[in-house]
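Visitor: Just need the structure, nothing else, for what follows:
(chains A and B)
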Amino acid sequence: MTAEELYPILSPYAESQGIRLNKDREFVMDILRGLLTNERRYGYRSCPCRLAWGKKEQDADIICPCVYRDPDIKEYGSCYCELYVSVDWNEGNKEHRQVPERRPKEKRKML
Amino acid sequence: MAKKQPKIKLYTLSTCSHCLRTKKFFTENGIDAEITDVDLLTGTEREKVMDEVRKLNPECTFPTICIDDKVVVGFNEERIFKALGKLDK
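Guide: Sure, this is the predicted structure:
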């Protein structure tokens, strides 16, 4: 699968969840390419903005959409990667700020 | 006399869009930087680099940008310009 093929799948999926893909299409395509690279590398779509363990059970919380997406969108208007965003964020009604890492340190790949 | 070029190291992930933007920023501004994609490293090489990242940024998130003795975490043009000493931008 290519990023161009994935986009029309994820865009309506996001809308069905009441959220959106970031309207910066070029940025989103980079994220999707990263997701697909991780899928080829690990066998699952691990978050491209985080260092994966490479073991599905250890990366389960960061398989996209990660378990931190919804609380991050609720608090900051976007997920950690800025792939999934709220309507307000996309329309510029919510400040765009760097989303701090919500994944607990003990779950992160630190080596 | 020309100002000395700062020593810049970028710790990034090859898959990360914020990291890609960071790399592009330095390239487009004609600023030399040493780039390390940590996800492409394995074994002791990765451990060694992650030790460096941890010292600079205990959160171990990407990108971690080191400009001389200043550290910028995440892609933020304003903070990078500030660390570069280019406050007029």
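Visitor: tell me which element the nearest residue to B:T12 once chain neighbours are set aside falls in.
Guide: Spatially, and ignoring its direct neighbours in sequence, B:T12 is nearest to B:C19 (3.6 Å; C-beta to C-beta, 6 or more residues apart in numbering or on different chains). All C-beta spots, glycine's among them, are computed from the backbone N, C-alpha and C. Assessed by DSSP states H and E, B:C19 sits inside helix B:17-28.
Visitor: do you know how far A:H96 is from A:A3?
Guide: 22 Å (C-beta to C-beta, to the nearest Å).
Visitor: Those two - which one has more neighbours?
Guide: A:A3 (17 against 14; other C-beta atoms under 10 Å in any protein chain shown).
Visitor: and the gap between that one and A:V28?
Guide: To A:V28, A:A3 is 8 Å away according to C-beta to C-beta.
Visitor: can you give me the helices in the chain?
Guide: Let's take chain A. Ranges of helices in chain A, per DSSP state H, are A:3-16, A:25-42, A:56-59, A:69-76, A:87-90.
Visitor: um, chain B though
Guide: B:17-28, B:43-56, B:77-84.
Visitor: Now do the same contact list for the closest residue to chain A within chain B.
Guide: Residue nearest to chain A within chain B (C-beta to the nearest C-beta): B:T15, separated by 3.3 Å. With contact set as C-beta atoms under 8 Å, 6 or more residues apart in numbering or on different chains, B:T15 has these partners: A:R33, A:G34, A:L35, A:T37, A:N38, A:P48, A:C49, B:D39.
Visitor: And for the last one, nearest residue in space, chain neighbours not counted?
Guide: Think B:D39. B:D39 sits nearest to B:L13 (C-beta to C-beta, 6+ apart), 4.7 Å away.
Visitor: Now the one you found: phi and psi?
Guide: In terms of degrees, to the nearest 10, the main-chain angles of B:L13 are phi -110, psi 140.
Visitor: for chain B, which spans come out with low pLDDT?
Guide: Where chain B drops to pLDDT under 70, the residues are B:1-3, B:87-89.
Visitor: residue in chain A nearest to chain B?
Guide: Counting by C-beta to the nearest C-beta, chain A gets nearest chain B through A:G34, at 3.3 Å.
Visitor: per-residue confidence at that residue?
Guide: As predicted, A:G34 sits at a pLDDT of 98.
Visitor: what about it, distance to B:E47?
Guide: Computed as C-beta to C-beta, the A:G34 to B:E47 distance reads 23 Å.
Visitor: Pick out whichever of these two has more residues nearby.
Guide: Neighbour count, other C-beta under 10 Å: between A:G34 and B:E47, A:G34 has more, with 27 against 12.
Visitor: Contact partners for the more buried one?
Guide: A:P48, A:C49, B:L13, B:S14, B:T15, B:C16, B:S17.
Visitor: Could you rerun that using 6 Å?
Guide: A:P48, B:T15 (C-beta atoms under 6 Å, 6 or more residues apart in numbering or on different chains).
Visitor: So what does B:N29 have for phi and psi?
Guide: phi -90, psi 10.
Visitor: measure it to B:K82 for me?
Guide: According to C-beta to C-beta, B:N29 and B:K82 sit 14 Å apart.
Visitor: Done for today, thanks.
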